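S.K.: here are the coordinates; sequence isn't available:
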């Protein structure tokens, strides 16, 4: 089938289309009802089917004779270590760790929080949870104790799985003190913690609560797979919300497995035995979908990389990994290639490696700027695919369908909607817009398999945040347009979440931290353009009357507060004291105008502005602050 045929069938006959995709998986009980609605009126896929995601990722392949194939290449330049783990080896490790969790009282439907660096044991813990029907929630190791505590209270995990430390380019970060502080600060207390001891910084274990991973796994009884309903949750993944309170995106087992399996061929053109590398982290959705689940469900070999695109040891790190492991498709955020380009603009280090294995480069996580797109395409001489998706969807909404019918790419465009996604561009009244007209990017219901059915413990937030803006649509929160040929262009967020190096961060949460400083009367945090990271946060602060504080001191204190509460991932380094913040008469700060001023863009003054005379002085201040 051509792309057009597949796409039209997925929209006009979704039950038949996705039923055909589901038939490719090894179900314990094959579904007969492909699409139904739950008690909240939400579409759910394969409601009467039973399966196990770990079985699909491991047991099935071993049974099919692929046990000796490498499942995971682990490459860690920060520890100078490498491992090749076969499907049989991985199955044994996962089954044993599933036994560890069962011994700690974890059962089907319980939550397990995973706070791990980029090591194979992180994937083992995820798959072990799936094996016994537990729901995992992976928290990126760079988050501060405060953020970890919020997630513990929301997910209420029976067990927390962590490591003694994480390792950056030039430092070791002990995790155990952060975990201890988070548990101390949280209202909910997990029953136990399982700690992977790393030689770079061993942790002191607390008697009665902390369990040594290696010792427990050595004595564990391997656990079999637990059948679960297709609609049972597989995991919760927290993403920043505009209110500052993180949202627990729920992913189900059945729809997720079908979508992951379908996407590996349709979008990425990968076949069993191929090597796929998503250069991300298991703390983010890309790591869930395309480091762990999709490659293994599809019978591929996946690369798990504990390093950076630069400084481990140089800007040729990515090329070395691709060449060494025979990577067919590489997937990373544009930020990674901007960093490589900054250090090696002519790509001279590429000449050291045989890159003939690489067939396609995929980018996502933030808008791929045309200069980075052109640089990567000219350097690598392979198709560069900019594809758009969200934590909420779990896989690409728009992409160049490399495994169905590749088309010519266009700089700045995520190409076409993926089969299953009915993408529409709507105006403020919910009416469809024509070519080249910018509006809100919305997805007509039902969403395809793999997308979130709710927010953990808060269905009203899911309904109000995604389904209430336009009747019959999921609102993506992104703005964009389609050109005359149907190519989709995503222009950026329509809310106040900013994208820093592929990480969605809440400006509202940062504002709460800045506002807590005794010298600050009011503040706004905006995302401004950054050549390296796409966006970076800029804090604009209004001082309280009569306050006498050195600006440099205030800056240091505000930066330290954000780092302590959110973590280094926020990249919060810029503050500016302003005489006033432009607002509407209703009191809403004009953040879009502030962003446009700072980025040197043209802006329109809203008719609702309260004090238009204040704008010229503020624009001059922001212009002087602008990064050259």
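M.R.: Great, that's in hand. What you are looking at is a predicted structure, and each value in this text was computed from that prediction instead of being measured. Numbering: from 1, shown residues only.
S.K.: residue ranges with poor pLDDT in the stretch 51-200 of the chain?
M.R.: Applying pLDDT under 70 to the stretch 51-200 of the chain flags the ranges 142.
S.K.: what about the strands in it?
M.R.: 70-76, 81-86, 111-115, 135-138, 159-163, 165-167, 172-174, 192-196 (DSSP state E, counting those that start in this stretch).
S.K.: and if you look at the stretch 301-450 of the chain?
M.R.: Taking DSSP E, counting those that start in this stretch to define them, one finds strands in the stretch 301-450 of the chain at 301-305, 329-332, 360-363, 384-386, 388-389, 396-399, 416-417, 422-426, 439-444.
S.K.: which one of the ones you listed lies closest to residue 281?
M.R.: Of all the strands of the stretch 301-450 of the chain, it is strand 301-305 that lies closest to residue 281, at 9.4 Å by CB to CB. Every C-beta, even on glycine, is put in place using the N, C-alpha and C of the backbone.
S.K.: any residues touching the closest one, and which ones?
M.R.: With contact meaning CB atoms under 8 Å, 6 or more residues apart in numbering, strand 301-305 is reached by 69-76, 118-120, 123, 273-279, 290-292, 295-296, 321, 325, 327.
S.K.: domain assignment for the chain?
M.R.: Domain assignment for the chain by automatic domain parsing gives 84-226, 497-625.
S.K.: Highest mean neighbour count out of those?
M.R.: domain 84-226 (a mean of 20; mean count of other CB atoms under 10 Å).
S.K.: where does stretch 478-489 sit relative to the chain's centre, distance-wise?
M.R.: Relative to its chain's centre, stretch 478-489 lies at 23 Å (CA atoms, centre = their mean, to the nearest Å).
S.K.: Tell me the secondary structure at the nearest residue to residue 456 once chain neighbours are set aside.
M.R.: In space, not counting the residues next to it along the chain, residue 456 is nearest to residue 248; the distance is 3.2 Å by CB to CB, 6 or more residues apart in numbering. Following DSSP: H, G, I helix; E, B strand; the rest coil, residue 248 is assigned to strand.
S.K.: In this structure residue 248 contacts residue 237, no?
M.R.: Yes - in this structure, residue 248 is within contact of residue 237 by CB atoms under 8 Å, at 7.3 Å.
S.K.: Pull up the overlap in contacts between the two.
M.R.: residue 137.
S.K.: Run me through the strand neighbours of the helix or strand of the chain with the lowest mean pLDDT, direction for each.
M.R.: Least confident helix or strand, the chain: strand 503-506 with a mean of 73, by mean pLDDT, DSSP states H and E. Partner strands for strand 503-506, per DSSP bridges, with pairing direction: strand 497-500 (antiparallel).
S.K.: Give me the contact list for the partner strand.
M.R.: With CB under 8 Å, 6+ apart as the test, strand 497-500 has contacts from 240-242, 365-367, 477, 492-493, 504-507, 525-527, 530, 533-537, 569-571.
S.K.: Extract the residue ranges of the chain that are flagged as low pLDDT.
M.R.: For the chain (pLDDT under 70), the answer is 142, 240-244, 495-497, 504, 584-588, 606-608, 610, 626-628.
S.K.: Could you pull out the helices in the stretch 1-150 of the chain for me?
M.R.: Applying DSSP state H, counting those that start in this stretch to the stretch 1-150 of the chain gives helices spanning 3-12, 14-22, 53-54, 60-63, 87-103, 120-132, 145-155.
S.K.: Please produce JSON lines containing the ones you listed, extended by distance to residue 433.
M.R.: Compiled in JSON lines, those are given as follows (distance: least, CB to CB, whole Å):
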{"stretch": "helix 3-12", "distance to residue 433": "19"}
{"stretch": "helix 14-22", "distance to residue 433": "24"}
{"stretch": "helix 53-54", "distance to residue 433": "39"}
{"stretch": "helix 60-63", "distance to residue 433": "45"}
{"stretch": "helix 87-103", "distance to residue 433": "48"}
{"stretch": "helix 120-132", "distance to residue 433": "40"}
{"stretch": "helix 145-155", "distance to residue 433": "37"}
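S.K.: Would you mind telling me which of those helices is nearest residue 432?
M.R.: helix 3-12 (14.6 Å).
S.K.: other SSEs contacting the closest one?
M.R.: In terms of contacts (3 or more CB pairs under 8 Å, 6 or more residues apart in numbering; DSSP states H and E), helix 3-12 is packed against helix 14-22, strand 416-417.
S.K.: Just put the strands of the stretch 51-200 of the chain in TSV and tack on distance to residue 614.
M.R.: As requested, these are exported to TSV (distance: least, CB to CB, whole Å):
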stretch	distance to residue 614
strand 70-76	52
strand 81-86	57
strand 111-115	45
strand 135-138	44
strand 159-163	49
strand 165-167	45
strand 172-174	43
strand 192-196	52
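S.K.: wait, which of the ones you listed is closest to residue 541?
M.R.: Closest among the strands of the stretch 51-200 of the chain, using CB to CB: strand 172-174, at 29.0 Å.
S.K.: Packing partners of that closest one?
M.R.: strand 165-167.
S.K.: quick one: the residue of the chain positioned farthest from its centre from residue 540, how far?
M.R.: In the chain, residue 546 marks the outermost C-alpha relative to the chain mean, sitting 43.6 Å out by CA atoms, centre = their mean. Going from residue 546 to residue 540 by CB to CB, to the nearest Å gives 20 Å.
S.K.: Just list the residues touching residue 544, thanks.
M.R.: Here residue 544 is in contact with 518, 519, 520, 521 (CB under 8 Å, 6+ apart).
S.K.: try 7 Å
M.R.: 519, 521 (CB atoms under 7 Å, 6 or more residues apart in numbering).
S.K.: So for residue 255, which of the helices and strands packed on helix 3-12 sits nearest?
M.R.: helix 14-22 (8.4 Å).
S.K.: Output the strands of the stretch 301-450 of the chain as CSV; include the columns mean neighbour count and distance to residue 132.
M.R.: As requested, those are exported to CSV (neighbours: other CB atoms under 10 Å; distance: least, CB to CB, whole Å):
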stretch, mean neighbour count, distance to residue 132
strand 301-305, 25, 22
strand 329-332, 25, 29
strand 360-363, 22, 32
strand 384-386, 25, 36
strand 388-389, 26, 29
strand 396-399, 26, 30
strand 416-417, 23, 36
strand 422-426, 19, 36
strand 439-444, 22, 33
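S.K.: Serialize those strands to a markdown table and add fields for distance to residue 227.
M.R.: Listed next are those as a markdown table, based on distance: least, CB to CB, whole Å:
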| stretch | distance to residue 227 |
| --- | --- |
| strand 301-305 | 25 |
| strand 329-332 | 31 |
| strand 360-363 | 34 |
| strand 384-386 | 36 |
| strand 388-389 | 29 |
| strand 396-399 | 29 |
| strand 416-417 | 34 |
| strand 422-426 | 32 |
| strand 439-444 | 31 |
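S.K.: can you tell which of those strands is closest to residue 159?
M.R.: Nearest to residue 159, of the strands of the stretch 301-450 of the chain and by CB to CB, is strand 301-305 at 22.3 Å.
S.K.: The closest one pairs with which strands?
M.R.: Here, using DSSP bridges, strand 301-305 pairs with strand 70-76 (parallel), strand 275-278 (parallel).
S.K.: Deepest-packed of the ones you listed, please.
M.R.: strand 275-278 (a mean of 24).
S.K.: Quick check, residue 329 in contact with residue 265.
M.R.: No - look at residue 329 against residue 265 with CB atoms under 7 Å: they stay out of range, at 11.3 Å.
S.K.: Which of the contacts of strand 497-500 fall in helices?
M.R.: Under the assignment DSSP state H, the contacts of strand 497-500 contribute residue 507 to helices.
S.K.: Which ones among the contacts of strand 497-500 lie within strands?
M.R.: 477, 492-493, 504-506, 525-527, 530, 534-537 (DSSP state E).
S.K.: And these, which is closest to residue 460?
M.R.: Out of the ones in strands among the contacts of strand 497-500, the member with the shortest distance to residue 460 (by CB to CB) is residue 477, at 17.4 Å.
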